[in-house]
Structure formats: structure tokens, C-alpha cells
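*Asks:* Okay, predicted coordinates and the sequence, questions at the end:
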Amino acid sequence: MASIKRLKKDIDYLTFAVIDDCLNCLAYGKSSDDISDIVENVINQRNVLRQRVNAGKAVAKSERKEYYKGVCKDVMTSVDGAFTQLSELVKK
């Protein structure tokens with residue numbers, strides 16, 4: 001793990017990548033209700049993940065590495081799920 005600052009930047013970067021793809025889908029005429037649900041979910045998940053990163057300082061020092069690995073795993077799962085939902089929407 002590099003740093004907490006880098007983890008926060010990665011969370012933001014991946015979240016905004018999903019939002020950017022959602023906006024591109026809107027430009028090509030996809031349903032705005034479905035896309036807005038994806039954007040809302042990914043923003044909520046981003047906020048939760050950022051709170052978890054900030055709360056990691058309260059975790060015992062010996063357990064922090066595993067804690068942040070879990071957060072990284074959840075980031076990837078969240079973003080992958082959002083991209084999967086978006087690709088399913090595009091296929092329709």
C-alpha cells in the first residue's frame with residue numbers, strides 16, 4: 001500500500017471515471033433514470049469508502065495494513081459493479 005493520500009485519490013479517480021462514462025451514455029441517448037441510479041450509487045459508495053479510509057486511523061496499528069487492503073478490495077468491487085451495470089445498460 002502506497003499511502004492514504006494516494007488511496008483517496010484512487011477512490012476519487014475511479015469514481016469519476018464511472019461518472020464520466022455515465023455522462024457519455026447520456027450523450028448517446030440512454031435512459032437518464034437508469035444512469036442516474038448508477039451515478040447516485042457510485043457517489044454514495046465513494047463517500048462511504050472515503051469515510052472508511054479516514055476511520056482507519058482509529059484502527060490498531062498492527063491491523064491497519066489489512067484494514068486498508070480490505071478498503072482497496074471494496075473500491076475495486078464497487079467500481080467493477082458500477083461498470084458492469086453500465087455495460088448491461090448499454091447492451092440494451
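*Replies:* Happy to help now that I have it.
*Asks:* which strands and helices sit next to the longest helix out of those in the chain?
*Replies:* Assignment by DSSP state H gives helix 64-91 as the longest helix of the chain. When contacts are defined as 3 or more Cβ pairs under 8 Å, 6 or more residues apart in numbering; DSSP states H and E, helix 64-91 packs onto helix 4-27, helix 32-55. C-betas here are computed from N, CA, C, even on glycine.
*Asks:* Mind putting the ones you listed into TSV with mean pLDDT, mean neighbour count and distance to S78?
*Replies:* TSV is the format used below for the helices and strands packed on helix 64-91 (pLDDT from 0 to 100; neighbours: other Cβ atoms under 10 Å; distance: least, Cβ to Cβ, whole Å):
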stretch	mean pLDDT	mean neighbour count	distance to S78
helix 4-27	92	15	8
helix 32-55	93	15	5
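*Asks:* In a markdown table, list those along with distance to G81.
*Replies:* Conversion of the helices and strands packed on helix 64-91 to a markdown table gives the following (distance: least, Cβ to Cβ, whole Å):
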| stretch | distance to G81 |
| --- | --- |
| helix 4-27 | 10 |
| helix 32-55 | 9 |
